[in-house]
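> fold the following.
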Amino acid sequence: MGIFSMIKDAIWGQKAAPEEAVPSTSAMPQMNTPSDPGNPPAEAAPTAPTAPVDVEAILTAKAEAKGQELNWRDSIVDLMKLLDLDASHENRLALAHELGFTGDTDDSATMNVWLHQQVMAKLAESGGTVPAALTH
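Residues are numbered from 1 along each chain as shown. A predicted model of the protein is given here:
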């Protein structure tokens, strides 16, 4: 699982499931049932669209509950700390690689600003409601 996925899951409230625990549909046994012209196969019920996730509200609530002064609105390090994720330089480098950072990774200040903007933009692309001020 990538670091961005861990960030997103921490905000969306999902626990990371081991990938091998989820069987693929191709590995599932197929049932051969005779067709019954009187009973056509039932169609799957349409899924209800999911409501957008209010990223700012969730992060604000997490910050209040944490009781620490974390500048998650501007700092990728503080954002990761808020989500109880490892904010080490190595993890931020991995996140930069994952998100396609092409700048100088030795310039951690520039990389961190870029990472924060990209994470917020990707959260918005993933169905999160993120104020425009956090994505620029």
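> now do residue 57 against residue 131, distance only.
To residue 131, residue 57 is 10 Å away according to C-beta to C-beta, to the nearest Å. The way it works is simple: take the backbone N, C-alpha and C, and place the C-beta from them, glycine included.
> higher neighbour count, those two?
Taking neighbours as other C-beta atoms under 10 Å, residue 57 and residue 131 compare with residue 131 leading, 13 against 10.
> is it true that that one touches residue 56?
Yes: here residue 131 reaches residue 56: they are 5.8 Å apart, a contact under C-beta atoms under 8 Å.
> what's downstream of the longest helix along the chain, the next helix or strand?
Counting by DSSP state H, the longest helix found in the chain is helix 108-125. Following helix 108-125 in sequence order, the next helix or strand is strand 128-129 (DSSP states H and E).
> ok, that next one: who's next to it in the sheet?
Partner strands for strand 128-129, per DSSP bridges, with pairing direction: strand 53-54 (parallel).
> and residue 122, what is it in contact with?
Shown in contact with residue 122 (C-beta atoms under 8 Å, 6 or more residues apart in numbering): 4, 8, 99.
> okay, these in a markdown table with distance to residue 82 and secondary structure next?
Listed next are the contacts of residue 122 as a markdown table, based on distance: C-beta to C-beta, whole Å; DSSP: H, G, I helix; E, B strand; the rest coil:
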| residue | distance to residue 82 | secondary structure |
| --- | --- | --- |
| 4 | 15 | helix |
| 8 | 14 | helix |
| 99 | 19 | helix |
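> tell me the one of these nearest residue 63?
Ranked by distance to residue 63 (C-beta to C-beta), the contacts of residue 122 are led by residue 8 at 17.5 Å.
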